[in-house]
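Colleague: just need the structure, nothing else, for what follows:
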Amino acid sequence: MEKEILTRTQWTLDRNHSQIHFQIRHLMISWVSGNFTEFHGSFESKDDNFENPSVDLTVKVDSISTGNNDRDEHLRSIDFFDAGQYPEIRFFSKGIHTEVNGKQRISGEINIHGISREITLDMEFSGISKDPWGNEKAGFSISGEINRNDFGINWNTTLENGGILIGNHVKIRIDLQLAKAA
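Modeller: Here you go, the predicted structure:
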């Protein structure tokens, strides 16, 4: 009996069409948004149709950008990410499943601030298309929410009304466009 050889299709990150965003409450009345501008990863799929993809994504903490240099420096400091000690955030998938309603979820492990946690996020596969130069591209979005306290990022201050300056729950959205490796 012949042993079946499984081949995996490799994909590369199209950095010009990929983004990593986050949002967090400020003063408990509004949202502050930001993104990371430097990230890389390896991606592969079971076949050319991007079935059962695996994701290994690394984000450079120093690349955080909220549109305010003072705030960005504070976020890089030991009060928050401690970028000197923990320069990267890493996520790698462990599996994808489709719920009864057709919604896809991606499970994996994320390491932030030296602490690893299992998480499950929503995933939307947008499909595969060829660009005008004949390159095959795949697109998908990953979104969800994490609690920053789960990763030892606890800095905060209490407001006079009893609220807190910065929320604990962080909304994340990762939009990726990948190119099929030649």
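Colleague: strands of the protein, start to end?
Modeller: Assigned by DSSP state E, the strands in the chain fall at 9-13, 19-26, 30-36, 39-45, 54-60, 64-65, 88-98, 104-112, 115-130, 136-147, 166-180.
Colleague: ok, and what's touching the fourth one?
Modeller: Strand 39-45 is contacted from outside by 8-13, 18, 20, 51-60, 63, 138, 176, 178, using CB atoms under 8 Å, 6 or more residues apart in numbering. The way it works is simple: take the backbone N, C-alpha and C, and place the C-beta from them, glycine included.
Colleague: re the thing from before, okay, the strands of the chain in a markdown table with distance to L159 and mean neighbour count next?
Modeller: Formatted as a markdown table, the strands of the chain follow (distance: least, CB to CB, whole Å; neighbours: other CB atoms under 10 Å):
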| stretch | distance to L159 | mean neighbour count |
| --- | --- | --- |
| strand 9-13 | 40 | 18 |
| strand 19-26 | 11 | 17 |
| strand 30-36 | 13 | 14 |
| strand 39-45 | 33 | 18 |
| strand 54-60 | 30 | 19 |
| strand 64-65 | 24 | 19 |
| strand 88-98 | 28 | 16 |
| strand 104-112 | 25 | 18 |
| strand 115-130 | 27 | 14 |
| strand 136-147 | 20 | 17 |
| strand 166-180 | 10 | 18 |
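Colleague: does E136 really touch Q177, like I thought?
Modeller: No. At 11.2 Å, E136 does not count as touching Q177 under the criterion of CB atoms under 8 Å.
Colleague: quick one: which of the strands of the chain is nearest W155?
Modeller: Checking those against W155 by CB to CB gives strand 166-180 as the closest, at 7.7 Å.
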